[in-house]
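Novice: sequence and predicted model, in that order:
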Amino acid sequence: MDTLNTIKETKIIAIIRNAKPDDILPIVKSLYKSGIRAIEITMNSPKALESIELVATEMKDKVVVGAGTVLDAESARLAILSGATFILSPTLNKETIQMTKKYGAVSIPGALSPTEILDAYEYGGDIIKVFPTTSMGPEYIKDLQGPLPQIPLLPTGGIDLNNIEQFMKAGAVGVGLGSSLVNTKLEANEEYYKNLEETAKQFSDIVHLKKGRA
């Protein structure tokens, strides 16, 4: 699978943070059933590298798996060697971008201000994660489109079923979805996976304009 095209076409990166290692694969399989094809496992999760390797092996050719909350170049390298094909960061670190590109993976650095966003793109970022967007809202993405229309933006933080359509209409190339999609604080049981599938399908339908929300 081509990672960059998969992210741009499916428009959603599902963020899995602090899940129990044994729950990772069932969570990913539930997301896959509902059309999610890009999975982020954060590096501050238990056994993150092992989980990345598991998903990369077991779900090969079905999903693309990346590492999130990557703060330095060495962490990016280890994640890629474990099977990650994209690297996300909450911050802008030039060395992390360079290491990611050196190993042929997709770089999604985090930035917020227009200056940071442009720097991240010029350093080699393929998509720029606009973080956090919790307090900024969809209008901020729209505002950035004026001076920076050439830069693909992926807002992350505070995005849910009530505002995801507005973020997409504002010009986002995709979104990063955390606890509004994968809430790892809940017990992972049969009902949890059923609800996860339903929620993932709702998000997927909205970004692909299969149905709208006011």
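Specialist: That came through fine. Numbers count the residues shown, from 1 in each chain.

Novice: C-alpha coordinates for the longest helix seen in the chain, CSV please?
Specialist: Longest helix in the chain, counting residues (DSSP state H): helix 190-207. What follows is helix 190-207, C-alpha atoms only, in CSV (Å, rounded to 0.1, in the frame of the first residue of the first chain):
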residue,chain,number,x,y,z
GLU,A,190,-17.8,-7.2,22.7
GLU,A,191,-19.9,-4.1,23.1
TYR,A,192,-16.9,-1.8,22.9
TYR,A,193,-15.8,-3.2,19.6
LYS,A,194,-19.3,-3.0,18.2
ASN,A,195,-19.5,0.7,19.2
LEU,A,196,-16.1,1.3,17.8
GLU,A,197,-17.1,-0.1,14.4
GLU,A,198,-20.2,2.1,14.4
THR,A,199,-18.4,5.2,15.4
ALA,A,200,-15.6,4.6,12.8
LYS,A,201,-18.2,4.1,10.1
GLN,A,202,-19.9,7.4,11.1
PHE,A,203,-16.6,9.3,10.8
SER,A,204,-15.8,7.6,7.6
ASP,A,205,-19.1,8.3,6.0
ILE,A,206,-18.9,12.0,6.9
VAL,A,207,-15.4,12.6,5.4
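
Novice: so what does Ala38 look like in phi/psi?
Specialist: As for Ala38, its main-chain torsions (degrees, to the nearest 10) stand at phi -120, psi 120.

Novice: so it touches Glu9, yeah?
Specialist: No. Judged on CB atoms under 8 Å, Ala38 makes no contact with Glu9 at a distance of 9.5 Å. Bear in mind the C-beta positions are built from the backbone N, C-alpha and C, glycine included.

Novice: out of those two, which sits in the busier spot?
Specialist: Ala38 (26 against 12; other CB atoms under 10 Å).

Novice: distance of that one relative to Asp205?
Specialist: Separation of Ala38 from Asp205 (CB to CB, to the nearest Å) stands at 17 Å.
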